[in-house]
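Chemist: Okay, sequence plus prediction incoming.
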Amino acid sequence: MSDSTQAAANPLPFDLPAEVEKLVARAPSVVVPNTIKEIEDLAVRDADEAGWHRVAYEVPGRGMVPEVDVCRVKNGIAANYVEAYMRRRDPDCMVIGDDRPTDKPTYQARFGTSFDPLREETLEWLAGQSLAIFPFSAGIAGKGVDAIVVAPDNAGFFALGLALLQGMLTPDEVPEGFSPKAVIYVAPPFRHTHFDGKQVVVHNRKEGMHELFSYNLYPGPSAKKGIYGVLINQGESENWITMHCSTVKVITPYEHQLVISHEGASGGGKSELLEQVHRQGDGSLLLGKNTVTGEKRTLSLPQACDLRPITDDMALCHPSLDKGRGKLSLMDAEDAWFVRVNHLTKYGTDPHLESLTLQPPEGLLFLNIDAKPGSTAIIWEHTQDEPGVPCPNPRVVIPRRAVPGIVEGSVDVDIRSFGVRCPPCTNTKPTYGIIGMFHLLPPALAWLWRLVAPRGHANPSIVDSGGMSSEGVGSYWPFATGRRVDQANLLLNQIRDTPSVRYILMPNQHIGCWEVSFMPQWITREYLARRGGAQFNSTQVQPSRCQLLGWNPRSIVVEGRPIGSYFFQVHTQPEVGEEAYDAGAAILRDFFLSELEQFRADDLDPLGRKIIDCCFDNGSADDYQRLLDHPTIVDED
């Protein structure tokens, strides 16, 4: 690990941005880690005799304010936030510090003043700190953004998270011509002095430089989603998208292969798509539990498909990856995965992930996991927000290179699915939980789902007030810095340019009155892979009772076991019925109309306007199909 003292020369083999060069010259010391191991050591450098490294900062009028307790464990580094609020992302944390075009809240509008004075104050504070800096490439080399981080060196765990997620470049690995076009500045105490303790991340898009000021130490809004915003901004100017999705290659026991990409808001099942189906003690699958009667239904699946993970959350859809096959070509935009494990509450729930995290080939970073110095961090032992209430957002950062069977490079996607967290729906309490196990969507309707992107029921990943709300266009809108109509046009062009892709919709948590966890997407994944994809004819599907849900299968057979209409036509469940279903459909339709109104802008693609008008006119699945007639229901002549 190299150190530079005050007024020392640039410690890195490339020209630093002017502001960073000034900080390096003025800071009491600057650490440039050469390896991940050195960042791990930095994360616990000031540990006390018991093994705890406390990250704390002087706040005027309050003294030293603790932020995070960090310790070394046998399988990596564990960090726990002192304040429960800091254990998940605040959806309102992003503000824009510049005056470029945006639909996001600006610093000026939210706080009533220009960001410039705070920017100068932040840089002045950093100049008085002992710093850690290192370079990385956001996205992928040659197609992403050269970047650098500047953080207080006592926040080594945050630097570790960034280095794992984005891929640290050591001085020897920096490519020729490396020139940072993005900088993350980390200044935790400012959330107390300026933002009433709230998470705030300011994007300041300057000419040739994207500055990201992180005023908190939870890596979700900055080291992960903040960098996501940098990539979205780059793609917006170059006409490509970084999708918010997981992607997996599914290989059946008969060696047929299918690539599925799963999009959706936080909590929509992206990480779960990469998991093997969860089994009960006897090896069976718990298809669902009736929340009214207590009845359980199980399914036998002797052999599950082999899963080859590709992406977990962010997928770079750069034009250079396109192979000209009419399919969507993508590759992972990250070096590590930020895996939520709130659904793992006991040993044996997910043996693959448990084994990987208990005895990893290299150290991992655990967040909100109840671990002690020198212990083994166990992913089903979650930090408690208060006695008896576990944190809903425990995480582990897993490098891609540690994931067995990982697929390197780009792939072509066969099926794009969209996930929605659904509440229970019954005839005594109608809700939008009317989505069947899976639905086929015409491409035009699939585009609308990506515009409204429901955040859904009981979201575990972010601070939320409950109820139905939107994650915004593409489900990546919380991380975008520009205009929503520009992203809507990019998404529509992407769908229009990939006619060989099929689209499905899948719920999780509930299907009507049945509690199902993530079983719908696990079973759907197995079923579609075994039957060769989402090719259906008109005798196998029917229009859904709710026209926003496209078509649904009448029933399916998985390994000889039928799954009947209750799980596809929710109105046939006795505990729901047609009246409650229609009330739920009205909730869904009102939500769509409310969200889509904001996209009726003059510069929306004309086809997009026709699709939105179709929704306002209560169009059918066939109406949407005619607007963008890529094959969905295939009948042979």
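Modeler: Nice, thanks for sending it over. None of the values given here were measured: they were computed from a predicted structure. Numbers count the residues shown, from 1 in each chain.

Chemist: who touches the helix or strand where residue 229 lies?
Modeler: Using DSSP states H and E, the element containing residue 229 is helix 225-238. Applying CB atoms under 8 Å, 6 or more residues apart in numbering, the contact partners of helix 225-238 are 89, 94, 138-139, 144-145, 147, 165-166, 182, 184, 201, 203, 205, 210, 212, 214, 241-242, 244, 314, 316-317, 333, 476, 478-482, 486-487, 490. (Each C-beta comes from the backbone N, C-alpha and C, glycine too.)

Chemist: Shouldn't residue 287 be within a strand?
Modeler: Yes: under DSSP: H, G, I helix; E, B strand; the rest coil, residue 287 sits within a strand.

Chemist: does it really touch residue 523, like I thought?
Modeler: Yes: Residue 287 is in contact with residue 523 according to CB atoms under 8 Å; the separation is 7.4 Å.

Chemist: Show the pLDDT at the nearest residue to residue 84 once chain neighbours are set aside.
Modeler: Once flanking residues are discounted, residue 84 sits nearest to residue 385: 4.1 Å by CB to CB, 6 or more residues apart in numbering. Note on residue 385: pLDDT of 96.

Chemist: Next: residue 465.
Modeler: With respect to pLDDT, residue 465 scores 48.

Chemist: before we move on, back to that, doesn't the residue nearest to residue 84 fall inside a helix?
Modeler: No: membership of residue 385 in a helix is not supported by three-state DSSP, which gives strand.

Chemist: what about it, how many neighbours?
Modeler: The number of residues packed near residue 385 is 17, by other CB atoms under 10 Å.

Chemist: Could you pull up the contacting residues of it?
Modeler: Taking CB under 8 Å, 6+ apart, we find residue 385 in contact with 84, 87, 391-392.

Chemist: okay, and for the stretch 401-550 of the chain, where does confidence drop off?
Modeler: 458-467 (pLDDT under 70).

Chemist: Please enumerate the helices of it.
Modeler: With helices called from DSSP state H, counting those that start in this stretch, the stretch 401-550 of the chain shows them at 443-452, 484-496, 519-530.

Chemist: Quick check: which of those helices is buried the most?
Modeler: Of those, the one with the most neighbours on average (mean count of other CB atoms under 10 Å) is helix 443-452, at a mean of 25.

Chemist: and that helix, what does it pack onto?
Modeler: Here helix 443-452 touches strand 415-421, helix 484-496, strand 502-511, helix 577-596, helix 606-616, helix 621-627, going by 3 or more CB pairs under 8 Å, 6 or more residues apart in numbering; DSSP states H and E.

Chemist: I would like the residues contacting the last one, please.
Modeler: The reference is to helix 621-627. Identification of contacts with helix 621-627 by CB under 8 Å, 6+ apart yields 441-445, 543-544, 547, 550-551, 607, 610-611, 614, 617, 632-633.

Chemist: ok, now with 6 Å
Modeler: 442, 444-445, 543, 550-551, 610-611, 614 (CB atoms under 6 Å, 6 or more residues apart in numbering).

Chemist: Now that helix: buried residues?
Modeler: Buried residues in helix 621-627, defined by neighbour count with 16 or more other CB atoms under 10 Å: 621, 623-625, 627.

Chemist: excluding its backbone neighbours, what's nearest the residue most central in space within the chain?
Modeler: Central residue of the chain (CA atoms, centre = their mean): residue 313, 4.5 Å from the mean position. Nearest residue to residue 313 in three dimensions, chain neighbours excluded: residue 270, at 5.9 Å (CB to CB, 6+ apart).

Chemist: how many other residues sit next to residue 125?
Modeler: Look at residue 125: counted by other CB under 10 Å, it has 16 neighbours.

Chemist: got the contact list for the one helix or strand it maps to?
Modeler: Taking DSSP H and E as the criterion, the element that holds residue 125 is helix 116-127. For helix 116-127, contacts defined as CB under 6 Å, 6+ apart pick out 23, 26-27, 187, 213.

Chemist: now stretch 433-450
Modeler: Against stretch 433-450 from outside (CB under 6 Å, 6+ apart): 418, 422-425, 474, 491-492, 495, 503-507, 510, 520, 524, 544, 549-552, 567-568, 570, 581, 584, 611, 615, 621, 624-625, 627-628, 630, 632.

Chemist: and the spatially closest residue to residue 395 that is not a sequence neighbour, how many neighbours does it have?
Modeler: Nearest-residue entry for residue 395: residue 367, 4.3 Å, with adjacent residues in sequence omitted and distances by CB to CB, 6+ apart. Using other CB under 10 Å, residue 367 has 28 neighbouring residues.

Chemist: next one: residue 468
Modeler: 21.

Chemist: Got phi/psi on residue 89?
Modeler: When read as degrees, to the nearest 10, the backbone of residue 89 gives phi -70, psi 130.

Chemist: What's the local residue count around it?
Modeler: Residue 89: 26 surrounding residues under other CB under 10 Å.

Chemist: tally of neighbours for the closest residue to it other than its chain neighbours?
Modeler: Once flanking residues are discounted, residue 89 sits nearest to residue 220: 4.0 Å by CB to CB, 6+ apart. By other CB under 10 Å, 25 other residues sit near residue 220.

Chemist: what separates residue 403 from residue 205, distance-wise?
Modeler: Between residue 403 and residue 205 the computed distance is 33 Å (CB to CB, to the nearest Å).

Chemist: Next, please give the residue ranges for the helices of the stretch 101-250 of the chain.
Modeler: For the stretch 101-250 of the chain, helices defined by DSSP H, counting those that start in this stretch occupy the ranges 107-111, 116-127, 156-162, 190-193, 225-238.

Chemist: just the ones you listed: most buried one?
Modeler: Mean neighbour count (mean count of other CB under 10 Å) peaks for helix 156-162 among the helices of the stretch 101-250 of the chain, with a mean of 28.

Chemist: What is that one packed up against?
Modeler: If you count contacts as 3 or more CB pairs under 6 Å, 6 or more residues apart in numbering; DSSP states H and E, helix 156-162 packs onto helix 36-43.

Chemist: Give me the residues contacting the helix it packs on.
Modeler: By CB under 6 Å, 6+ apart, the residues outside helix 36-43 that reach it are 1, 33, 70, 77, 156-157, 159-160, 163, 363.

Chemist: for the residues you listed, which one is nearest residue 134?
Modeler: Nearest to residue 134 among these: residue 33, at 5.6 Å, using CB to CB.

Chemist: What is the neighbour count of the closest residue to that closest one other than its chain neighbours?
Modeler: Residue nearest to residue 33 in three dimensions, not counting chain neighbours: residue 39, with 4.7 Å by CB to CB, 6+ apart. Residues near residue 39, counting by other CB under 10 Å, number 27.

Chemist: ok, now the one 5 residues further on?
Modeler: A total of 20 residues lie near residue 44 under the criterion other CB under 10 Å.

Chemist: Quick one: classify residue 562 as helix, strand or coil.
Modeler: Following three-state DSSP, the label given to residue 562 is strand.

Chemist: How about the contacts made by it?
Modeler: Residues near residue 562 by CB under 6 Å, 6+ apart: residue 555.

Chemist: Kindly report the same for the one 4 residues further on.
Modeler: For residue 566, the contact set (CB under 6 Å, 6+ apart) comprises 572-573.

Chemist: pretty sure it belongs to a helix, no?
Modeler: Yes: assessed by three-state DSSP, residue 566 belongs to a helix.

Chemist: Count the residues that sit near the residue lying closest to residue 616 once chain neighbours are set aside.
Modeler: Leaving aside its sequence neighbours, residue 616 sits nearest to residue 593 (CB to CB, 6+ apart; 6.4 Å). Neighbour count for residue 593, taken as other CB under 10 Å: 14.
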